[in-house]
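In: Would you be able to build a 3D model of this:
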Amino acid sequence: TWSQRSPPTRPSARYQHRMLYARQRKQIVLFGGVEGFVNRSDSWAWTGTTWINTTPNNPDDPPPDVRRNHAMAYNAATNETLLYAGAIGNFPVFLGGDTWLFNGYRWRLVQNPSPPGGRNNAAMAYDTARARSVLFGSATSTYEHSGSSWILRFPVTFPPAYASPAMTYDVARGVAVLFGGRVPGDPPSDRTWEWNGVNATGWRARALARSPSARFDAAVAFDVARGRSVLFGGNDATKTLDDTWEWDGTTWREVAANGPRPPARQGHTMVYDPTRERVVMFGGQTGIDGFRDTWEWNGASWRDITLDGEAPEARFDHAMAFETQFDRSILFGGGLAGNADNETWMLPGSVRPGVLVAFSWPAAEAPDDGIQSIAVTAGAGGDSSAPGVRLLGWTTRPGRWQTLATNQDAGNAPGGLTYTTSNDVEPSHLLFSRDRQIFLLLSTNGIDRGSTTARLTLDYIGATVSYRLDSP
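Out: Okay, the predicted model is just below:
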């Protein structure tokens with residue numbers, strides 16, 4: 001079920017923002033958006049427990065300008081987040097063409113001799129096979145970002161200048177898949193295009209006997225386990241749609257046509273949960289009505305997992321990302337009827353029991369540079385889809401949970417876990433706030449999946465701080 005998190009520090013209310021999971025840094029990056037008529041320029045990182053404001057406050061090192069509906073992608077090869085264009089400014093708003101890279105704590109403006117030009121509601125997908133971000137939409141030109149600069153491609157064939165197309169990356173076949181969208185003033189498209197960056201002809205328009213009807217503002221997610229792109233909903237310029245389609249690289253197939261399925265909508269979000277091999281969908285709108293329902297697609301049928309009680313209110317144009325480290329979907333923001341919110345919600349993809357421990361060590365008489373080492377010892381065991389437990393510590397630099405030790409001991413026979421800082425810098429990274437708190441987390445190595453029930457047994461845990469006092 002959904003659970004709300006309300007940390008004291010968090011982003012303000014907004015919608016049309018962008019949010020993604022930076023896998024190597026184990027953090028969710030959020031930037032921009034709009035509330036009312038005011039665009040935002042603040043940057044935030046979700047660490048798994050709280051939001052950290054990563055907006056630079058140095059006038060010599062400014063963040064990107066205020067914007068909404070920009071394009072963002074995470075480059076796993078460089079471990080940086082790429083941000084491009086969008087609707088920039090406030091009174092007036094213009095289409096920007098600036099490029100920014102974020103390494104987890106600092107944004108930097110990247111100057112390019114031939115940038116892609118101003119775009120709004122463009123689509124961007126990361127090509128894992130070639131380590132490039134593919135940008136298309138709001139213009140007919142196709143660009144790839146190598147991690148350091150833009151590369152203009154010159155395909156022989158290419159799609160029209162669609163806005164709001166559905167685009168995802170097919171990791172099984174190594175291609176970006178683009179469907180639908182619309183050129184302002186024209187009817188929506190029902191064409192399917194693929195880009196692999198290698199073909200001499202560039203974009204490949206797929207000639208198909210059957211495909212989804214023309215639409216824009218649909219949601220699409222790639223189902224890794226089944227090797228298919230899953231598309232749902234959208235708007236055909238006269239009404240919202242409620243059909244579900246799967247693309248396997250050869251054929252579009254309509255699925256769930258007669259069984260339970262979500263109502264028609266647009267402005268919804270879908271993410272892929274690799275732990276349980278499900279596509280998760282939330283929210284959206286049709287006309288002036290919004291949705292607060294949650295659905296899962298398992299490759300054969302939709303399942304409504306909406307439960308009474310605590311759950312997000314109806315909204316659209318929100319952002320959702322799957323937090324792989326903790327096997328859960330994270331939702332933030334969104335709006336309805338002109339109102340935005342700043343709620344953070346979590347939907348567990350699996351059950352992974354854990355114990356959070358906080359040690360406080362004020363020791364005011366010990367200077368920071370007198371701390372020599374920190375040692376942690378614990379006795380614990382776990383039963384789950386993988387035996388044993390892991391011990392994690394919250395590090396202030398780079399601001400994430402870091403695995404300190406692991407074992408493979410079962411819950412009925414707990415084993416030891418030990419960790420000792422290896423240099424005189426690491427202790428300061430583990431001591432958090434002025435109270436010098438140490439946050440530790442014990443969790444099972446595996447998850448609760450299928451018939452396996454995850455359990456954790458903790459016998460003991462302790463932390464020892466070694467320090468040196470200066471002579472009076």
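In: which sections of this protein are below the confidence cut-off?
Out: Within the chain, the segments meeting pLDDT under 70 span 199-201, 308-309, 350-352, 362-369, 397-400, 431-435, 447-453, 470-472.
In: how about stretch 100-120: buried residues?
Out: Judged by neighbour count (16 or more other CB atoms under 10 Å), stretch 100-120 contains these buried residues: 100-102, 104, 107, 110, 112, 115-116, 118-120. Every residue, glycine included, has its C-beta placed from N, CA and C.
In: Now flag whichever of those is closest to F37.
Out: Nearest to F37 among the buried residues of stretch 100-120 is N120, at 15.7 Å by CB to CB.
In: returning to what we had before: take the buried residues of stretch 100-120 and write them to JSON lines, including distance to L20 and secondary structure.
Out: Below are the buried residues of stretch 100-120 laid out as JSON lines (distance: CB to CB, whole Å; DSSP: H, G, I helix; E, B strand; the rest coil):
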{"residue": "W100", "distance to L20": "14", "secondary structure": "strand"}
{"residue": "L101", "distance to L20": "14", "secondary structure": "strand"}
{"residue": "F102", "distance to L20": "10", "secondary structure": "strand"}
{"residue": "G104", "distance to L20": "13", "secondary structure": "coil"}
{"residue": "W107", "distance to L20": "15", "secondary structure": "strand"}
{"residue": "V110", "distance to L20": "18", "secondary structure": "strand"}
{"residue": "N112", "distance to L20": "22", "secondary structure": "coil"}
{"residue": "P115", "distance to L20": "21", "secondary structure": "coil"}
{"residue": "P116", "distance to L20": "19", "secondary structure": "coil"}
{"residue": "G118", "distance to L20": "22", "secondary structure": "coil"}
{"residue": "R119", "distance to L20": "18", "secondary structure": "coil"}
{"residue": "N120", "distance to L20": "18", "secondary structure": "coil"}
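In: all helices for the stretch 351-472 of the chain, in order.
Out: Taking DSSP state H, counting those that start in this stretch as the test, the helices found in the stretch 351-472 of the chain are 426-430.
In: Which stretches in it count as strands?
Out: Using DSSP state E, counting those that start in this stretch, the strands of the stretch 351-472 of the chain run over 354-360, 371-383, 389-395, 400-406, 415-420, 437-444, 455-467.
In: Point out the other helices and strands that the second one packs with.
Out: What that stands for is strand 371-383. Packing partners of strand 371-383 (3 or more CB pairs under 8 Å, 6 or more residues apart in numbering; DSSP states H and E): strand 389-395, strand 400-406, strand 415-420, helix 426-430, strand 437-444, strand 455-467.
In: Pick the most deeply packed of these.
Out: For those, the largest average neighbour count (mean count of other CB atoms under 10 Å) is found in strand 389-395, namely a mean of 23.
In: Save the strands of the stretch 351-472 of the chain as a markdown table, and put in distance to R228 too.
Out: A markdown table is the format used below for these (distance: least, CB to CB, whole Å):
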| stretch | distance to R228 |
| --- | --- |
| strand 354-360 | 33 |
| strand 371-383 | 34 |
| strand 389-395 | 33 |
| strand 400-406 | 32 |
| strand 415-420 | 41 |
| strand 437-444 | 31 |
| strand 455-467 | 35 |
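In: before we move on, back to that, now the helices and strands packed on strand 371-383 in a markdown table, please, with extra columns for distance to P62.
Out: Formatted as a markdown table, these follow (distance: least, CB to CB, whole Å):
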| stretch | distance to P62 |
| --- | --- |
| strand 389-395 | 27 |
| strand 400-406 | 25 |
| strand 415-420 | 39 |
| helix 426-430 | 27 |
| strand 437-444 | 32 |
| strand 455-467 | 39 |
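In: Between these, which one is closest to N196.
Out: strand 400-406 (33.7 Å).
In: quick one: strands adjacent to the closest one?
Out: The pairing partners recorded for strand 400-406 under DSSP bridges are strand 389-395 (antiparallel).
In: now the partner strand, how far from the chain's geometric center?
Out: 22 Å (CA atoms, centre = their mean, to the nearest Å).
In: Let me know the angle separating it from strand 455-467.
Out: Counting by axes from the mean of the first three to the mean of the last three CA atoms, to 10 degrees, strand 389-395 lies at 40 degrees to strand 455-467.
In: what sits up against strand 389-395?
Out: Identification of contacts with strand 389-395 by CB atoms under 8 Å, 6 or more residues apart in numbering yields 47, 49, 376, 378, 380-382, 400-407, 409, 417, 419, 429-430, 432, 438-445, 456.
In: what about G349, how many neighbours?
Out: 24 (other CB atoms under 10 Å).
In: same check, this time on R153
Out: 16.
In: Does it have any beta-bridge partners, and if so which?
Out: For R153, the beta-bridge partners are T142 (DSSP bridges).
In: Contact partners for V280?
Out: 270-273, 294-296, 320, 322, 329, 347, 349.
In: Tabulate the residues you listed (CSV), appending distance to V465 and secondary structure.
Out: Listed next are the contacts of V280 as CSV, based on distance: CB to CB, whole Å; three-state DSSP:
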residue, distance to V465, secondary structure
M270, 46, strand
V271, 41, strand
Y272, 43, strand
D273, 40, strand
T294, 44, strand
W295, 49, strand
E296, 46, strand
M320, 40, strand
F322, 36, strand
S329, 37, strand
L347, 38, strand
G349, 36, coil
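In: residues in contact with S41?
Out: Residues near S41 by CB under 8 Å, 6+ apart: 32, 55, 63-67.
In: Reformat those as JSON lines; add secondary structure, distance to K26 and neighbour count.
Out: Below are those laid out as JSON lines (DSSP: H, G, I helix; E, B strand; the rest coil; distance: CB to CB, whole Å; neighbours: other CB atoms under 10 Å):
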{"residue": "G32", "secondary structure": "coil", "distance to K26": "22", "neighbour count": "27"}
{"residue": "T55", "secondary structure": "coil", "distance to K26": "20", "neighbour count": "16"}
{"residue": "P63", "secondary structure": "coil", "distance to K26": "22", "neighbour count": "21"}
{"residue": "P64", "secondary structure": "coil", "distance to K26": "23", "neighbour count": "25"}
{"residue": "D65", "secondary structure": "coil", "distance to K26": "28", "neighbour count": "17"}
{"residue": "V66", "secondary structure": "coil", "distance to K26": "28", "neighbour count": "19"}
{"residue": "R67", "secondary structure": "strand", "distance to K26": "26", "neighbour count": "29"}
